[in-house]
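In: Output the structure for:
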Amino acid sequence: MMKVIYTGGNGEFTAADKTRLEAKLTKLGKKIDKNGEKDAHVILTAEKRGKKAEITVNYLHHSFAGAGSGKNFPPAVSEALTKLEKQIDKLTAKQRDGKRNGVKIAVVAATAAVKTTPAPSGPRLCEAKVSKKPMSIDEAVLVAARKKVNYVAFRDADSGGISVVIQRPDGDFDVVRA
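Out: Reported below is the predicted structural model:
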């Protein structure tokens, strides 16, 4: 349950209003922290043209504040609560979205679509990351064997040009220089 500290009001804020407010603050406290053990400061001021309510809650180096005004205290407190709730929702969404490290939905959907589509009978197109470092022909052969691909395009360290190592069906490799 959230501990509520009241300031002002001068008896115009009834006990029924206090119980409603405390129930809503307890619900907000559970959004912030699962056990809901937080302090809330409610400041009620009566002015010449209306009533003002300000609610502040401190949580993990964050200070949430909601202010509202109205002809009576209950509408002013309700407005302050909605503003406070928006701030809390914004922070929890930020924390939730910042902590996710899983696979994106688009990637999961794309892999599922790839698995369900039948393999085409024509030529196969493979894309791979290209090493920016020039390599020798021997290194390119090792990369092709390690990645189990039929060819590797690379920048030749000796000539500086683009070369392709192609694996023949009998297992030997050919080099094509451009």
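In: Helices of this structure, start to end?
Out: Applying DSSP state H to the chain gives helices spanning 15-32, 73-99, 105-116, 137-147.
In: quick one: which of these has the weakest pLDDT on average?
Out: With a mean of 59, helix 105-116 has the lowest mean pLDDT of the helices of the chain.
In: From the recorded domain assignment, give the ranges for the protein.
Out: By the record's domain assignment, the chain is partitioned as 3-99, 131-178 (automatic domain parsing).
In: Need those in JSON lines (columns: mean neighbour count and distance to Gly122).
Out: From N, CA and C alone the C-beta is placed, and that goes for glycine too. Shown next, in JSON lines, are those (neighbours: other Cβ atoms under 10 Å; distance: least, Cβ to Cβ, whole Å):
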{"stretch": "domain 3-99", "mean neighbour count": "15", "distance to Gly122": "42"}
{"stretch": "domain 131-178", "mean neighbour count": "13", "distance to Gly122": "15"}
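In: Save these as a markdown table, and put in distance to Pro123 too.
Out: Formatted as a markdown table, the domains of the chain follow (distance: least, Cβ to Cβ, whole Å):
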| stretch | distance to Pro123 |
| --- | --- |
| domain 3-99 | 41 |
| domain 131-178 | 11 |
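In: just so I know, which of the helices of the chain lies nearest Lys52?
Out: Proximity to Lys52 (Cβ to Cβ) singles out helix 73-99 among the helices of the chain, at 5.9 Å.
In: now for the closest one, which elements pack on it?
Out: helix 15-32, strand 39-47, strand 50-59, strand 62-70 (3 or more Cβ pairs under 8 Å, 6 or more residues apart in numbering; DSSP states H and E).
In: Those: which one's closest to Lys90?
Out: Evaluated over the helices and strands packed on helix 73-99, closeness to Lys90 peaks at strand 62-70, with 9.7 Å, by Cβ to Cβ.
In: strands paired with that closest one, and their directions?
Out: Here strand 62-70 has these sheet partners by DSSP bridges: strand 50-59 (antiparallel).
In: For the nearest residue to Ser159 once chain neighbours are set aside, give me its contacts.
Out: Take Ser159 and drop its neighbours on the chain: the residue closest to it by Cβ to Cβ, 6 or more residues apart in numbering is Arg177, 6.9 Å away. Residues near Arg177 by Cβ atoms under 8 Å, 6 or more residues apart in numbering: 156, 159, 161-163.
In: Can you say which two of the residues you listed are spatially most distant?
Out: For the contacts of Arg177, the farthest-apart pair by Cβ to Cβ is Ser159 and Ile162; their separation is 9.3 Å.
In: sorry, back to before: quick one: which of the helices of the chain is nearest Arg49?
Out: helix 73-99 (12.1 Å).
In: report the angle between the axes of the closest one and helix 15-32?
Out: Here helix 73-99 runs at an angle of 10 degrees relative to helix 15-32 (axes from the mean of the first three to the mean of the last three Cα atoms, to 10 degrees).
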